[in-house]
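# I would like the atomic coordinates for the input below:
(one chain, ligands or ions: 2)
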Amino acid sequence: MGGCRFDVALNFPMDGGVSEVLSGLRVYSPQARSSVRDMWGVVRSSRVFINAFSPVDASLLRDRGCLELIILASTGYDHVDVGAAGEAGVCVANQPEVITEAVAEYVVGAVLAALRGVVAGHIYTPRWAREGWPSHISGLLLRGRSVGLLGAGRIGQSVAFKLAALGAGPFYYYSRGRKPALEAVLGARRLEPPELFSRSYILVNSLPLTSETRGFVKAGLLRLLPRGAVYVNVGRGGTEEPGAVEAVASEREDLYFVLDVHPEEPLPPDSGRMGLHSSPRAIITPHIAGASRESMAATRLLAAMQARDYLERGCVWNPVNGACRECPSQRLGLDEAIAMARRLLGV
Ligand SMILES: NC(=O)C1=CN([C@@H]2O[C@H](COP(=O)(O)OP(=O)(O)OC[C@H]3O[C@@H](n4cnc5c(N)ncnc54)[C@H](O)[C@@H]3O)[C@@H](O)[C@H]2O)C=CC1
Ligand SMILES: O=CC(=O)O
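Ligands and ions are numbered 1, 2, ... in the order given. Modelled structure (predicted):
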């Protein structure tokens, strides 16, 4: 495409690994992370755009210029109007592999921390010499605890297999379609949401945010959770009805909440959710589940490799709309990508 100024534009500064992968191409990269809207003039002058977390709406996509492919440095794509992109002939691709592993590890760690009183124990330690410790803070075992997956895609399934290896189960799930691997290997059963919530001692929400899932988790569903249950949300805060978690947390002191994603991000200091932050029955984190240092570095590298592959072969690894051809084979395996990221980070 002779009329395009750049082969690839990024909205974040390049590190050494990314610039090596893109060497020889005409690349635009800003000094600091930029919003897509602010740099649309550059984006529409490029064939491929690698986007770290900035919203892309239909009004921008109507003026696509040279743009053929948006590669997201993320798994979720609720910040991009993928339908409008498809109508404009722009392919959108995401980066699920390494991020899935990071989210699943976070869930396992947070569930164990919740069940086994790691956070409550940490908070209680200054009172130990004076008061000893109350028996409830040493927690309950994971082994033999039922697990429910609300959304059973890559993340839900990876969480299930990791928790199964630690002895948790039985497993239940709710998703759009049946999940043969979960059913065959873990004997998981697909349940409708009310039954899923009432049977699951550990309930993991990894739903993507769409027009169908917005506000899906209502207070009435959360109230069905069994006594002492742990509710985890690593999907998107918008999949919960606004205020539902806060309302049920104030009614049910037996429940534990692990919340990595929130109705508004970053969470304003005066948000109702901040009230849960100091509770020994909640773990609140700033949307970090997928953001291990390796997964962030590997994701940027893989995005750059995918950009190069698209320019050379005309196909895409993880398309999320129908505007492009999927490659028959893909570059790096999960372990190779993690190893590359560790070399780059020196960790
Ligand atoms: N907290 C974090 O750091 C991260 C959060 N995420 C979030 O996790 C989400 C899920 O990621 P993956 O598991 O890779 O996605 P996926 O596409 O592999 O799986 C999504 C699952 O949700 C189900 N689903 C979607 N819409 C549904 C509906 N209306 N009713 C019932 N089930 C429905 C699908 O059937 C599927 O089982 C992402 O979209 C993103 O929002 C992803 C990565 C990191
Ligand atoms: O939330 C993070 C993502 O990759 O999606």
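# ok, residue 232 - contacts?
Contact analysis of residue 232 by C-beta atoms under 8 Å, 6 or more residues apart in numbering lists 107, 110-111, 202-205, 258-260. Placement of C-beta: from N, CA and C, glycine included.
# name the member of those residues with the most neighbours.
residue 204 (29 neighbours; other C-beta atoms under 10 Å).
# how about that one: what's its closest non-neighbour residue?
residue 232 (4.7 Å; C-beta to C-beta, 6 or more residues apart in numbering).
# need the three-state assignment for the one you found.
Secondary structure state of residue 232, per DSSP: H, G, I helix; E, B strand; the rest coil, is strand.
# bridged to it, which residues?
Counting by DSSP bridges, residue 232 forms beta bridges with residue 204, residue 258.
# quick check: pLDDT value at it.
On the pLDDT scale, residue 232 is placed at 99.
# cool, residue 116 as well?
95.
# same check, this time on residue 313
92.
# closest to residue 48 among the contacts of residue 232?
residue 260 (30.0 Å; C-beta to C-beta).
# which residue, other than its chain neighbours, is closest to the closest one?
Using C-beta to C-beta, 6+ apart, the nearest residue to residue 260 is residue 289, at 4.4 Å.
# the one you found belongs to a helix?
No - judged by three-state DSSP, residue 289 forms no part of a helix; its state is coil.
# and it, how many neighbours?
Look at residue 289: counted by other C-beta under 10 Å, it has 25 neighbours.
# now for it: which residues touch it?
102-103, 106-107, 234, 260-261.
# go again using 10 Å as the cut-off
Under the criterion of C-beta atoms under 10 Å, 6 or more residues apart in numbering, the neighbours of residue 289 are 99, 102-107, 109-110, 155, 206, 232-235, 258, 260-261, 295.
# how about it, phi and psi?
Residue 289 adopts backbone torsions of phi -60, psi -40, taken as degrees, to the nearest 10.
# which pLDDT value goes with it?
Confidence score, pLDDT, at residue 289: 98.
# touching ligand 1 at all, the helix or strand hosting residue 343?
Secondary-structure assignment from DSSP states H and E places residue 343 in helix 334-345. No - interface with ligand 1: helix 334-345 contributes nothing (C-beta under 6 Å from any ligand atom), its closest point being 13.4 Å away.
# burial measure for the residue in the stretch 51-200 of the chain that ligand 1 sits nearest to, as a count.
Residue of the stretch 51-200 of the chain nearest ligand 1, by C-beta to the nearest ligand atom: residue 153 (1.7 Å). Residue 153 has 19 neighbours, counted by other C-beta under 10 Å.
# need the three-state assignment for the most far-flung residue of the chain relative to its centre.
Largest separation from the mean C-alpha position in the chain: residue 130, at 41.9 Å (C-alpha atoms, centre = their mean). The local conformation at residue 130, judged by three-state DSSP, is helix.
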